[in-house]
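Student: Quick one, fold the following:
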Amino acid sequence: NEGKSITCLNCGNTYQGAYCPCCGQEADTERYTVKSVCKNSFVAILGGDSIFLRTCVHLLYRPGNMIHDFITGKRMRYFKPVQMLICLVTIYALLSYALGDSIMGADDLDLTMQNPETGESLAKASKLLSDFFSNRVLYSLTSALGCVLPYQWLFHRCKITWPDGKYVKLNVAEQFYVLIYLSCQYLICGFLLLPFMNIPAVHALVKTLSYILPILLYIWTYKQLYKISWWKSAWKNIVAMMLSWIILMCLIVVYFLLSLLLT
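Tutor: Prediction:
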């Protein structure tokens, strides 16, 4: 478009160049086609210039260092945590549906629904748990919220290095983002395990690994994030997870009791 006069389709301004100086719209704005819609949707979901894929890769091989970079201000390099979680859950749901299985599906929680002798209250509790664990966005966000206070308490003495050289403690919001990124990390690993779920010979092994994996990932990530020892990261994570599960179960019980009272 260099040297050619262009009339902006958005504001009507006549100019030369790749972008309108008045409104910023691109000069090569064209009609929508099936190809352009697919391309724009892909760019919107995955963050355009490989930011999404870069964040996924970094969460696999340097998770604590990547989260440290994001927390301390290097935000343009990585995909934002909550948006990334929603994108990953969407992709995971499509893959899980296509392959006919999931890593942490609710199939193990539906046994009471299949037993006619089970009480109605227990059946409702089973369905509630099934719906909760099946909704990965709700489960991930609720888990992160339930983990924030235990992790903030267990790691309150640990500090990260800020760009100016100071050592700073994470606040509650920053700790929440760390936990959201960890949920993203777990889903990415789920992508890698998902194809093996339909292989009977390794199904049980992969299922067991899917429950052990979060503990190992959390320990590794917090070791990198705070530059602490494996032992310190391990015992703090294990205690924090136990407290988080107690909080999570209490929230589920309260929700279940309220649902019984309102029905």
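Student: All the strands of the stretch 1-150 of the chain, residue numbers only.
Tutor: 6-7, 14-15 (DSSP state E, counting those that start in this stretch).
Student: and I228, which of those strands is closest to it?
Tutor: strand 14-15 (55.8 Å; C-beta to C-beta). Placement of C-beta: from N, CA and C, glycine included.
Student: Unless I misread the structure, V254 falls within a helix.
Tutor: Yes - assigned with DSSP: H, G, I helix; E, B strand; the rest coil, V254 falls within a helix.
Student: ok, it - contacts?
Tutor: Applying C-beta atoms under 8 Å, 6 or more residues apart in numbering to V254 gives no contacts.
Student: ok, now L141?
Tutor: Counting by C-beta under 8 Å, 6+ apart, L141 has contacts 85, 180.
Student: re the thing from before, how about the strands of the stretch 1-150 of the chain in a markdown table, adding mean neighbour count?
Tutor: Converted to a markdown table, the strands of the stretch 1-150 of the chain look like this (neighbours: other C-beta atoms under 10 Å):
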| stretch | mean neighbour count |
| --- | --- |
| strand 6-7 | 14 |
| strand 14-15 | 13 |
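Student: Out of these, the one nearest A27 is which?
Tutor: Per C-beta to C-beta, nearest to A27 of the strands of the stretch 1-150 of the chain: strand 6-7, 5.0 Å.
Student: Quick check: next helix or strand after the helix or strand encompassing G190?
Tutor: Element membership for G190 (DSSP states H and E) is helix 172-193. Sequence order places helix 200-226 as the next helix or strand after helix 172-193, per DSSP H and E.
Student: which helices and strands does that following helix pack with?
Tutor: In terms of contacts (3 or more C-beta pairs under 8 Å, 6 or more residues apart in numbering; DSSP states H and E), helix 200-226 is packed against helix 63-71, helix 172-193, helix 230-262.
Student: Retrieve the pLDDT associated with T161.
Tutor: pLDDT for T161: 92.
Student: Would you mind confirming that it makes contact with K169?
Tutor: No - using C-beta atoms under 8 Å, T161 makes no contact with K169, being 11.7 Å away.
Student: Name all residues that make contact with the closest residue to C20 other than its chain neighbours.
Tutor: Excluding its sequence neighbours, the residue lying closest to C20 (C-beta to C-beta, 6 or more residues apart in numbering) is C8, at 4.1 Å. Contact analysis of C8 by C-beta under 8 Å, 6+ apart lists 14-15, 20, 22-23, 25, 27.
Student: what does C189 give?
Tutor: Contacts of C189 (C-beta under 8 Å, 6+ apart): 60, 213, 217.
Student: try 7 Å this time
Tutor: L213 (C-beta atoms under 7 Å, 6 or more residues apart in numbering).
Student: One more: L154?
Tutor: 236, 239-240.
Student: can we see that at 10 Å?
Tutor: Applying C-beta atoms under 10 Å, 6 or more residues apart in numbering to L154 gives the contacts 222, 235-241, 243-244.
Student: gap between it and L170?
Tutor: For L154, the distance to L170 equals 12 Å [C-beta to C-beta, to the nearest Å].
Student: And I91, by the same measure?
Tutor: With C-beta to C-beta as the criterion, I91 and L170 are 29 Å apart.
Student: Please say which of these two ends up with more neighbours.
Tutor: L170 (21 against 16; other C-beta atoms under 10 Å).
Student: thinking the more buried one is in contact with F155, fair?
Tutor: Yes - the pair L170 and F155 passes the contact test of C-beta atoms under 10 Å, sitting 7.3 Å apart.
Student: Among the contacts of C8, which one has the most neighbours?
Tutor: Highest count within those by other C-beta under 10 Å belongs to C20, 21 neighbours.
Student: Now do it against S5, distance only.
Tutor: C20 is 12 Å from S5, by C-beta to C-beta.
Student: Overlap in contacts, these two.
Tutor: T14.
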